[in-house]
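Colleague: Sequence and predicted model, in that order:
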Amino acid sequence: MKRILVFILIAISTFSLNSCIKTSTYPTELKIQVVDNQGYPFAGATVYLYETKSDFLNNKNIVLKTTTDANGYLYVTDLSPLPYYLYVVSDCYDDFNTNYQLPYALLPNTLNVYDPIVLESVGDIKVQSNSNYPYQIELDGNIVSSSLASGQYITIHEVPAGNHTVRVIQLSGYYPVPLDESFSVNVTCGNTSQVLFP
């Protein structure tokens, strides 16, 4: 009987001790630096956080908007363990063509530190047709318009600064061969370059 009484007292004291100990849960945090293509930090860059690629591409359902600190760091706390999408922008520099999605989901209840996000300078290209016929438009070998109607134009956004090739291919109204012409275009940060044809 004495042995049972001792066992009960130990069990009660252990239960009481465990109920007094508070368990602490650490928040899920993100720390990441934003740099240019030479590795220099971007202070004051605006950061938008999204949960899905669709929200990122359509700029909707922003989870969080913040800015980088004096050393280019982004620090966010109380997040969900997701592979977030980040749109980081500073003037005509952004991460749209580089690393806009975290490489893996945030680990819960810990500080997640990733490789830096690299911003690059971008601009736009406006391609305008003065033809009476439709054209296929390509940028650096990729189709950006399968049929640009006569007298119409398209603007290609978020083109990295530098030299690019715009190719126009006539789709109808030709004899004996379609017009197939390429234009060299130099894109500069924050500006719109123009291609006018034919």
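Modeller: Good, I have the coordinates.

Colleague: mind listing what residue 190 touches?
Modeller: Applying C-beta atoms under 8 Å, 6 or more residues apart in numbering, one finds that residue 190 lies in contact with 91-92, 121-123. Yep, even glycine has a C-beta here, placed from its N, CA and C like the rest.

Colleague: Please tell me the pLDDT value assigned to residue 81.
Modeller: In this model, residue 81 is scored at 95, pLDDT.

Colleague: Where does it fall, secondary structure wise?
Modeller: Residue 81 belongs to no helix or strand when assigned by DSSP states H and E.

Colleague: Skipping its backbone neighbours, what lies nearest it in space?
Modeller: Leaving aside its chain neighbours, residue 81 sits nearest to residue 108 (4.2 Å; criterion: C-beta to C-beta, 6 or more residues apart in numbering).

Colleague: Show me the helices in this protein, by range?
Modeller: 2-20, 53-58 (DSSP state H).

Colleague: counting contacts, what elements does the last one pack onto?
Modeller: So the one you mean is helix 53-58. strand 85-90 (3 or more C-beta pairs under 8 Å, 6 or more residues apart in numbering; DSSP states H and E).

Colleague: buried set for the strand it packs on?
Modeller: Within strand 85-90, the residues scored as buried using 16 or more other C-beta atoms under 10 Å are 85-90.

Colleague: Check the offset of stretch 122-131 from the chain's centre.
Modeller: Remark: stretch 122-131 is offset 24 Å from the chain centroid, using C-alpha atoms, centre = their mean, to the nearest Å.

Colleague: same question but for stretch 96-105, I mixed them up
Modeller: Relative to its chain's centre, stretch 96-105 lies at 6 Å (C-alpha atoms, centre = their mean).
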